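[1] pasting the structure only:
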(Lines give C-alpha, C1' and ligand atoms only; values in the text may rest on other atoms or scores of the structure.)
Protein backbone atom coordinates (compact mmCIF):
# COMPACT_ATOMS: atom_id res chain seq x y z
CA UNK A 1 0.00 0.00 0.00
CA UNK A 2 1.46 3.36 -1.01
CA UNK A 3 1.76 5.99 1.69
CA UNK A 4 0.36 9.50 1.40
CA UNK A 5 3.15 11.91 0.51
CA UNK A 6 4.33 15.04 2.32
CA UNK A 7 6.08 18.01 0.74
CA UNK A 8 8.49 19.51 3.26
CA UNK A 9 8.51 23.20 2.35
CA UNK A 10 11.96 24.76 2.99
CA UNK A 11 12.81 28.38 2.08
CA UNK A 12 16.50 28.51 2.99
CA UNK A 13 18.33 31.85 2.96
CA UNK A 14 22.09 31.37 3.41
CA UNK A 15 21.41 28.85 6.16
CA UNK A 16 24.06 26.42 7.49
CA UNK A 17 21.21 24.36 8.98
CA UNK A 18 19.51 23.63 5.65
CA UNK A 19 21.36 20.38 4.94
CA UNK A 20 21.19 19.11 8.56
CA UNK A 21 17.43 19.81 8.53
CA UNK A 22 16.96 17.69 5.40
CA UNK A 23 19.01 14.80 6.76
CA UNK A 24 17.27 14.83 10.14
CA UNK A 25 13.83 14.84 8.50
CA UNK A 26 14.72 11.74 6.49
CA UNK A 27 16.48 9.97 9.35
CA UNK A 28 13.48 10.32 11.68
CA UNK A 29 10.60 9.79 9.26
CA UNK A 30 8.73 6.53 9.73
CA UNK A 31 8.35 6.27 5.97
CA UNK A 32 11.17 8.34 4.40
CA UNK A 33 10.22 7.35 0.86
CA UNK A 34 7.04 9.39 1.10
CA UNK A 35 8.90 12.55 2.14
CA UNK A 36 9.40 15.06 -0.68
CA UNK A 37 11.21 18.38 -0.40
CA UNK A 38 10.36 21.71 -2.01
CA UNK A 39 13.41 23.90 -1.47
CA UNK A 40 13.92 27.52 -2.46
CA UNK A 41 17.68 27.76 -1.87
CA UNK A 42 18.66 31.42 -1.73
CA UNK A 43 22.42 31.16 -1.83
CA UNK A 44 25.67 33.12 -1.82
CA UNK A 45 28.30 31.55 -4.13
CA UNK A 46 30.99 31.79 -1.47
CA UNK A 47 29.06 30.07 1.35
CA UNK A 48 29.21 26.39 0.42
CA UNK A 49 27.41 25.17 3.54
CA UNK A 50 24.04 24.92 1.76
CA UNK A 51 25.25 22.89 -1.24
CA UNK A 52 22.50 20.45 -2.26
CA UNK A 53 24.31 18.49 -4.96
CA UNK A 54 24.02 15.21 -3.04
CA UNK A 55 20.23 15.38 -3.33
CA UNK A 56 19.75 16.61 -6.90
CA UNK A 57 19.37 13.17 -8.51
CA UNK A 58 16.74 12.09 -6.00
CA UNK A 59 13.26 12.47 -7.53
CA UNK A 60 11.83 13.42 -4.14
CA UNK A 61 13.80 16.67 -4.22
CA UNK A 62 12.39 19.69 -6.02
CA UNK A 63 14.99 22.44 -5.80
CA UNK A 64 14.92 26.04 -6.95
CA UNK A 65 18.27 27.89 -6.76
CA UNK A 66 18.06 31.67 -6.35
CA UNK A 67 21.10 33.94 -6.10
CA UNK A 68 20.82 35.87 -2.83
CA UNK A 69 20.75 39.20 -4.67
CA UNK A 70 17.61 38.06 -6.52
CA UNK A 71 15.72 36.95 -3.39
CA UNK A 72 12.70 39.09 -2.48
CA UNK A 73 11.89 38.12 1.09
CA UNK A 74 10.52 35.13 2.99
CA UNK A 75 6.88 35.08 1.75
CA UNK A 76 8.19 35.51 -1.80
CA UNK A 77 10.37 32.42 -1.34
CA UNK A 78 7.43 30.51 0.13
CA UNK A 79 5.34 31.50 -2.89
CA UNK A 80 7.98 30.10 -5.24
CA UNK A 81 7.82 26.72 -3.49
CA UNK A 82 4.05 26.44 -3.45
CA UNK A 83 3.57 27.70 -7.00
CA UNK A 84 6.48 25.94 -8.70
CA UNK A 85 7.58 22.95 -6.61
CA UNK A 86 4.38 21.61 -5.03
CA UNK A 87 2.83 19.09 -7.40
CA UNK A 88 0.69 16.08 -6.45
CA UNK A 89 1.74 15.55 -2.84
CA UNK A 90 -1.03 14.90 -0.32
CA UNK A 91 0.18 17.11 2.54
CA UNK A 92 2.45 20.08 3.00
CA UNK A 93 4.68 20.75 6.00
CA UNK A 94 5.61 24.44 5.90
CA UNK A 95 8.85 25.09 7.79
CA UNK A 96 11.81 27.46 7.76
CA UNK A 97 15.17 25.76 7.11
CA UNK A 98 16.44 25.09 10.64
CA UNK A 99 14.60 22.22 12.32
CA UNK A 100 14.95 18.86 14.06
CA UNK A 101 12.42 16.03 14.05
CA UNK A 102 11.03 13.48 16.49
CA UNK A 103 10.99 9.80 15.58
CA UNK A 104 8.03 9.01 13.36
CA UNK A 105 7.15 12.67 12.93
CA UNK A 106 5.43 12.06 9.59
CA UNK A 107 3.01 9.50 10.97
CA UNK A 108 2.33 11.54 14.11
CA UNK A 109 1.44 14.67 12.13
CA UNK A 110 -0.89 12.79 9.81
CA UNK A 111 -2.61 11.10 12.76
CA UNK A 112 -3.19 14.40 14.58
CA UNK A 113 -4.39 16.10 11.40
CA UNK A 114 -6.77 13.30 10.45
CA UNK A 115 -8.16 13.06 13.98
CA UNK A 116 -9.54 16.59 13.61
CA UNK A 117 -10.41 16.13 9.95
CA UNK A 118 -12.67 13.18 10.79
CA UNK A 119 -14.59 15.52 13.11
CA UNK A 120 -15.53 17.66 10.12
CA UNK A 121 -12.85 20.34 10.30
CA UNK A 122 -10.44 21.56 7.61
CA UNK A 123 -7.42 21.43 9.92
CA UNK A 124 -4.10 23.20 9.87
CA UNK A 125 -1.69 22.18 12.61
CA UNK A 126 0.37 25.23 13.52
CA UNK A 127 2.63 26.35 16.36
CA UNK A 128 5.65 28.27 17.43
CA UNK A 129 7.80 25.23 17.95
CA UNK A 130 9.95 24.43 20.97
CA UNK A 131 13.62 25.25 20.60
CA UNK A 132 16.66 23.24 19.67
CA UNK A 133 20.23 24.58 19.66
CA UNK A 134 22.46 23.43 16.79
CA UNK A 135 25.55 23.67 19.00
CA UNK A 136 24.00 21.60 21.82
CA UNK A 137 21.68 19.08 20.24
CA UNK A 138 19.78 17.10 21.38
CA UNK A 139 20.71 18.30 24.88
CA UNK A 140 19.45 21.83 24.26
CA UNK A 141 15.95 20.87 23.16
CA UNK A 142 12.86 22.19 24.92
CA UNK A 143 10.83 19.13 25.84
CA UNK A 144 7.31 20.55 25.99
CA UNK A 145 5.07 21.79 23.17
CA UNK A 146 4.47 25.49 22.66
CA UNK A 147 1.68 27.65 21.29
CA UNK A 148 1.33 31.14 19.83
CA UNK A 149 0.19 33.84 22.25
CA UNK A 150 -1.16 37.35 21.69
CA UNK A 151 1.06 40.09 23.15
CA UNK A 152 -0.20 43.38 21.70
CA UNK A 153 -1.07 45.26 18.55
CA UNK A 154 1.78 47.06 16.86
CA UNK A 155 1.08 50.71 15.96
CA UNK A 156 1.11 49.77 12.27
CA UNK A 157 -1.82 47.39 12.80
CA UNK A 158 -0.39 43.86 12.88
CA UNK A 159 -0.21 41.69 16.00
CA UNK A 160 2.85 40.88 18.07
CA UNK A 161 2.71 37.11 18.66
CA UNK A 162 5.17 35.19 20.83
CA UNK A 163 5.64 31.59 21.94
CA UNK A 164 4.38 30.22 25.23
CA UNK A 165 3.75 26.87 26.87
CA UNK A 166 0.86 24.82 25.50
CA UNK A 167 -0.72 24.69 28.94
CA UNK A 168 -2.45 21.44 29.84
CA UNK A 169 -0.80 19.50 27.02
CA UNK A 170 -0.01 16.51 29.24
CA UNK A 171 -3.71 15.67 29.52
CA UNK A 172 -4.75 16.45 25.96
CA UNK A 173 -6.07 13.71 23.71
CA UNK A 174 -6.43 15.84 20.58
CA UNK A 175 -4.96 19.06 19.17
CA UNK A 176 -6.57 22.16 20.77
CA UNK A 177 -7.81 25.16 18.80
CA UNK A 178 -5.38 27.95 17.92
CA UNK A 179 -5.92 31.66 17.17
CA UNK A 180 -2.92 32.03 14.89
CA UNK A 181 -0.87 30.29 12.25
CA UNK A 182 2.90 30.05 12.45
CA UNK A 183 5.26 30.87 9.63
CA UNK A 184 7.80 28.23 10.61
CA UNK A 185 5.41 25.32 11.18
CA UNK A 186 2.12 24.56 9.44
CA UNK A 187 0.89 21.11 8.46
CA UNK A 188 -2.17 20.71 6.27
CA UNK A 189 -3.58 19.11 3.17
CA UNK A 190 -1.69 20.35 0.12
CA UNK A 191 -4.85 22.05 -1.11
CA UNK A 192 -4.36 24.69 1.60
CA UNK A 193 -1.04 25.78 0.07
CA UNK A 194 -2.60 25.94 -3.38
CA UNK A 195 -5.63 27.95 -2.25
CA UNK A 196 -4.07 30.35 0.27
CA UNK A 197 -1.22 31.76 -1.75
CA UNK A 198 1.67 33.52 -0.04
CA UNK A 199 1.63 37.22 -0.82
CA UNK A 200 5.06 38.05 -2.34
CA UNK A 201 4.55 41.74 -1.46
CA UNK A 202 5.07 40.87 2.21
CA UNK A 203 8.77 41.15 2.97
CA UNK A 204 8.78 39.45 6.37
CA UNK A 205 6.76 41.05 9.18
CA UNK A 206 3.02 40.35 9.09
CA UNK A 207 3.21 37.08 7.17
CA UNK A 208 1.60 35.04 9.94
CA UNK A 209 -1.42 37.17 10.74
CA UNK A 210 -2.04 37.59 7.00
CA UNK A 211 -2.11 33.80 6.51
CA UNK A 212 -4.17 33.36 9.66
CA UNK A 213 -7.03 35.66 8.71
CA UNK A 214 -7.14 34.57 5.08
CA UNK A 215 -7.07 30.86 5.98
CA UNK A 216 -9.80 31.24 8.59
CA UNK A 217 -12.10 33.20 6.30
CA UNK A 218 -11.56 30.58 3.58
CA UNK A 219 -12.93 27.96 5.97
CA UNK A 220 -9.78 26.43 7.47
CA UNK A 221 -9.51 25.55 11.16
CA UNK A 222 -6.35 26.07 13.20
CA UNK A 223 -5.02 23.71 15.85
CA UNK A 224 -1.92 23.41 18.02
CA UNK A 225 -0.13 20.04 17.90
CA UNK A 226 -0.30 18.62 21.43
CA UNK A 227 2.66 16.29 20.95
CA UNK A 228 6.38 16.95 20.46
CA UNK A 229 7.00 16.47 16.77
CA UNK A 230 9.43 19.10 15.42
CA UNK A 231 11.88 21.60 16.96
CA UNK A 232 12.91 25.00 15.60
CA UNK A 233 16.03 27.14 16.01
CA UNK A 234 15.71 30.93 15.92
CA UNK A 235 18.44 33.58 15.60
CA UNK A 236 21.93 32.08 15.69
CA UNK A 237 25.39 33.56 15.89
CA UNK A 238 26.69 31.93 12.72
CA UNK A 239 24.02 33.77 10.69
CA UNK A 240 24.81 37.16 12.19
CA UNK A 241 25.18 39.70 9.41
CA UNK A 242 23.98 37.42 6.58
CA UNK A 243 20.22 37.51 7.04
CA UNK A 244 18.10 38.85 4.19
CA UNK A 245 17.72 42.36 5.63
CA UNK A 246 21.46 42.47 6.44
CA UNK A 247 22.37 41.72 2.83
CA UNK A 248 19.79 44.15 1.49
CA UNK A 249 21.10 46.93 3.73
CA UNK A 250 24.66 46.31 2.54
CA UNK A 251 23.52 46.68 -1.07
CA UNK A 252 21.51 49.84 -0.38
CA UNK A 253 18.13 48.16 -0.78
CA UNK A 254 15.46 50.01 1.21
CA UNK A 255 13.97 46.87 2.71
CA UNK A 256 12.09 48.87 5.34
CA UNK A 257 10.10 50.54 2.55
CA UNK A 258 8.99 47.06 1.47
CA UNK A 259 7.97 46.36 5.06
CA UNK A 260 5.93 49.56 5.16
CA UNK A 261 4.10 48.70 1.95
CA UNK A 262 3.38 45.18 3.20
CA UNK A 263 1.95 46.53 6.45
CA UNK A 264 -0.32 48.89 4.53
CA UNK A 265 -1.50 45.96 2.44
CA UNK A 266 -2.27 43.99 5.60
CA UNK A 267 -4.24 46.92 7.00
CA UNK A 268 -6.27 46.86 3.80
CA UNK A 269 -6.91 43.16 4.43
CA UNK A 270 -8.16 44.05 7.93
CA UNK A 271 -10.38 46.79 6.42
CA UNK A 272 -8.74 49.47 8.56
CA UNK A 273 -7.31 51.20 5.47
CA UNK A 274 -7.98 51.36 1.73
CA UNK A 275 -5.99 51.87 -1.43
CA UNK A 276 -4.41 48.55 -2.44
CA UNK A 277 -5.88 45.93 -4.75
CA UNK A 278 -5.93 42.58 -2.89
CA UNK A 279 -6.96 40.40 -5.82
CA UNK A 280 -5.65 36.88 -5.22
CA UNK A 281 -4.72 37.64 -1.61
CA UNK A 282 -7.99 38.83 -0.08
CA UNK A 283 -10.35 37.45 2.54
CA UNK A 284 -12.34 34.32 1.84
CA UNK A 285 -16.11 34.06 1.65
CA UNK A 286 -16.75 31.07 3.94
CA UNK A 287 -16.36 33.22 7.07
CA UNK A 288 -16.11 36.96 7.60
CA UNK A 289 -13.41 39.10 9.18
CA UNK A 290 -15.83 39.73 12.04
CA UNK A 291 -16.15 35.97 12.49
CA UNK A 292 -12.39 35.74 12.98
CA UNK A 293 -12.35 38.65 15.41
CA UNK A 294 -15.08 37.01 17.48
CA UNK A 295 -13.28 33.67 17.41
CA UNK A 296 -9.88 35.12 18.35
CA UNK A 297 -11.06 37.85 20.72
CA UNK A 298 -9.40 40.74 18.88
CA UNK A 299 -10.58 43.88 17.09
CA UNK A 300 -8.30 45.22 14.36
CA UNK A 301 -9.95 48.62 13.97
CA UNK A 302 -9.92 49.39 17.69
CA UNK A 303 -6.61 47.57 18.38
CA UNK A 304 -8.34 45.92 21.30
CA UNK A 305 -8.29 42.42 22.77
CA UNK A 306 -10.33 40.39 25.22
CA UNK A 307 -8.99 39.26 28.58
CA UNK A 308 -9.76 35.64 27.65
CA UNK A 309 -7.27 36.00 24.81
CA UNK A 310 -4.67 37.71 26.99
CA UNK A 311 -4.96 34.83 29.47
CA UNK A 312 -4.08 32.44 26.61
CA UNK A 313 -7.23 30.40 27.05
CA UNK A 314 -7.99 28.35 23.98
CA UNK A 315 -10.44 29.72 21.41
CA UNK A 316 -13.19 30.27 20.61
CA UNK A 317 -13.07 33.28 22.91
CA UNK A 318 -15.72 33.82 25.57
CA UNK A 319 -18.20 36.52 24.54
CA UNK A 320 -18.40 37.66 28.19
CA UNK A 321 -14.68 38.39 28.50
CA UNK A 322 -13.92 42.13 28.99
CA UNK A 323 -12.07 44.12 26.34
CA UNK A 324 -8.90 46.18 26.76
CA UNK A 325 -6.94 48.45 24.44
CA UNK A 326 -3.48 47.42 23.32
CA UNK A 327 -0.55 49.78 23.87
CA UNK A 328 2.90 49.61 22.28
CA UNK A 329 5.77 52.09 22.46
CA UNK A 330 9.45 51.92 21.52
CA UNK A 331 11.14 53.53 24.51
CA UNK A 332 14.30 55.54 23.79
CA UNK A 333 16.07 57.68 26.40
CA UNK A 334 19.44 59.19 25.46
CA UNK A 335 22.26 59.79 27.91
CA UNK A 336 22.21 63.56 27.48
CA UNK A 337 18.57 63.61 28.60
CA UNK A 338 19.49 62.11 31.98
CA UNK A 339 23.14 63.15 32.48
CA UNK A 340 23.63 62.28 36.18
CA UNK A 341 26.24 59.73 37.20
CA UNK A 342 24.86 58.53 40.56
CA UNK A 343 21.54 56.99 39.59
CA UNK A 344 20.43 53.85 41.40
CA UNK A 345 17.42 53.38 39.11
CA UNK A 346 15.31 55.15 36.50
CA UNK A 347 11.52 55.07 36.51
CA UNK A 348 9.87 54.71 33.11
CA UNK A 349 6.18 55.54 33.46
CA UNK A 350 3.30 56.01 31.06
CA UNK A 351 0.79 58.57 32.32
CA UNK A 352 -2.70 59.54 31.29
CA UNK A 353 -3.85 63.10 30.54
CA UNK A 354 -4.20 63.80 34.28
CA UNK A 355 -0.69 62.64 35.10
CA UNK A 356 -1.84 59.36 36.64
CA UNK A 357 0.38 56.37 35.93
CA UNK A 358 -1.15 53.73 33.69
CA UNK A 359 1.92 51.49 33.66
CA UNK A 360 5.50 51.74 34.94
CA UNK A 361 8.76 49.87 35.44
CA UNK A 362 12.25 50.57 36.79
CA UNK A 363 15.50 50.44 34.85
CA UNK A 364 18.31 49.08 37.01
CA UNK A 365 21.01 46.41 37.03
CA UNK A 366 22.91 45.72 33.82
CA UNK A 367 20.63 47.89 31.67
CA UNK A 368 21.22 50.89 33.94
CA UNK A 369 24.97 50.26 34.10
CA UNK A 370 25.25 50.23 30.31
CA UNK A 371 23.34 53.51 30.18
CA UNK A 372 25.52 55.19 32.83
CA UNK A 373 28.67 54.07 31.02
CA UNK A 374 27.29 55.69 27.86
CA UNK A 375 27.27 52.43 25.93
CA UNK A 376 23.93 53.19 24.37
CA UNK A 377 20.51 54.67 25.19
CA UNK A 378 17.78 52.99 27.17
CA UNK A 379 16.02 51.34 24.26
CA UNK A 380 13.34 48.64 24.45
CA UNK A 381 9.79 47.73 23.46
CA UNK A 382 7.12 48.46 26.06
CA UNK A 383 3.69 46.91 25.64
CA UNK A 384 0.70 46.46 27.92
CA UNK A 385 -3.07 46.60 27.97
CA UNK A 386 -5.21 49.38 29.43
CA UNK A 387 -8.93 49.71 30.08
CA UNK A 388 -10.12 53.24 30.86
CA UNK A 389 -7.01 55.39 31.34
CA UNK A 390 -5.23 56.01 28.03
CA UNK A 391 -1.46 56.69 28.19
CA UNK A 392 -0.54 59.95 26.46
CA UNK A 393 3.03 60.59 27.65
CA UNK A 394 6.15 58.75 28.71
CA UNK A 395 8.05 59.94 31.77
CA UNK A 396 11.66 59.00 32.54
CA UNK A 397 12.58 60.01 36.10
CA UNK A 398 15.99 59.26 37.55
CA UNK A 399 16.48 58.32 41.21
CA UNK A 400 19.85 59.44 42.60
CA UNK A 401 21.80 57.76 45.39
CA UNK A 402 22.30 61.15 47.10
CA UNK A 403 19.59 63.46 45.70
CA UNK A 404 16.55 61.22 45.63
CA UNK A 405 14.22 62.04 42.75
CA UNK A 406 16.50 63.82 40.29
CA UNK A 407 16.43 64.63 36.54
CA UNK A 408 13.10 64.09 34.79
CA UNK A 409 11.96 64.19 31.16
CA UNK A 410 8.59 63.82 29.43
CA UNK A 411 7.80 62.72 25.90
CA UNK A 412 4.31 63.03 24.41
CA UNK A 413 3.21 59.84 22.71
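    Structure's in. What do you need? Small disclaimer: the values here were computed from a predicted structure and weren't measured.

[2] return the residues in contact with residue 144.
    130, 165, 166, 169, 228 (C-beta atoms under 8 Å, 6 or more residues apart in numbering). For every residue, glycine as well, the C-beta is placed using N, CA and C.

[3] one more time with 10 Å, if that's ok
    With contact set as C-beta atoms under 10 Å, 6 or more residues apart in numbering, residue 144 has these partners: 130, 165, 166, 167, 169, 170, 228.

[4] hey, where'd the helices end up in the stretch 251-400 of the chain?
    With helices called from DSSP state H, counting those that start in this stretch, the stretch 251-400 of the chain shows them at 255-269, 289-296, 307-310, 365-372.

[5] for residue 36, find the nearest of these.
    helix 255-269 (29.6 Å; C-beta to C-beta).

[6] I'd say residue 32 and residue 25 touch.
    Yes. Between residue 32 and residue 25 there is a contact under C-beta atoms under 10 Å: 8.3 Å.

[7] host element of residue 39?
    Residue 39 is located in strand 35-43, with elements delineated by DSSP states H and E.

[8] buried ones in the helix or strand following that strand?
    Remark: after strand 35-43, the chain's next helix or strand is strand 61-67, criterion DSSP H and E. By 16 or more other C-beta atoms under 10 Å, the buried positions in strand 61-67 come out as 61, 62, 63, 66.

[9] related to what we said a few turns ago, just the buried ones from the contacts of residue 144?
    Buried residues within those, counting neighbours by 16+ other C-beta under 10 Å: 130, 166, 169, 228.

[10] in CSV, list those residues along with secondary structure and distance to residue 310.
    Output for the buried ones among the contacts of residue 144, formatted as CSV (DSSP: H, G, I helix; E, B strand; the rest coil; distance: C-beta to C-beta, whole Å):
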residue, secondary structure, distance to residue 310
130, coil, 22
166, coil, 17
169, helix, 20
228, coil, 26
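
[11] nearest to residue 318 among those residues?
    Nearest to residue 318 among those, with distances taken as C-beta to C-beta, is residue 166, at 19.4 Å.

[12] surely that closest one meets residue 146?
    Yes. Using C-beta under 10 Å, residue 166 is in contact with residue 146, at 5.8 Å.

[13] give me the common contacts of the two.
    Residues touching both residue 166 and residue 146 comprise 127, 128, 130, 224, 225, with contact defined as C-beta under 10 Å, 6+ apart.

[14] who wins for neighbours among the residues you listed?
    With neighbours defined as other C-beta atoms under 10 Å, the most crowded of the shared contacts of residue 166 and residue 146 is residue 127; it has 28 neighbours.

[15] that residue reaches residue 208, doesn't it?
    No. Contact criterion C-beta under 10 Å: residue 127 and residue 208 do not qualify, at 11.4 Å.

[16] common neighbours of the two, please.
    Each of 148, 180, 181, 182, 184, 186 lies in contact with both residue 127 and residue 208 under the rule C-beta under 10 Å, 6+ apart.

[17] which ones are touching the fourth one?
    In this case it means residue 182. 94-96, 124-129, 146-148, 161, 163, 207-208, 211-212, 222, 224, 232.

[18] what do you get if the cut-off is 6 Å, keeping everything else the same?
    Contacts here follow C-beta atoms under 6 Å, 6 or more residues apart in numbering; on that basis residue 182 touches 126, 127, 128.

[19] what about it, distance to residue 106?
    Residue 182 is 18 Å from residue 106, where distance means C-beta to C-beta, to the nearest Å.

[20] show me where the stretch 151-300 of the chain has its strands.
    Secondary structure of the stretch 151-300 of the chain by DSSP state E, counting those that start in this stretch: the strands cover 159-165, 185-189, 221-223, 230-232, 298-299.

[21] go through these and name the closest to residue 339.
    strand 159-165 (32.9 Å).
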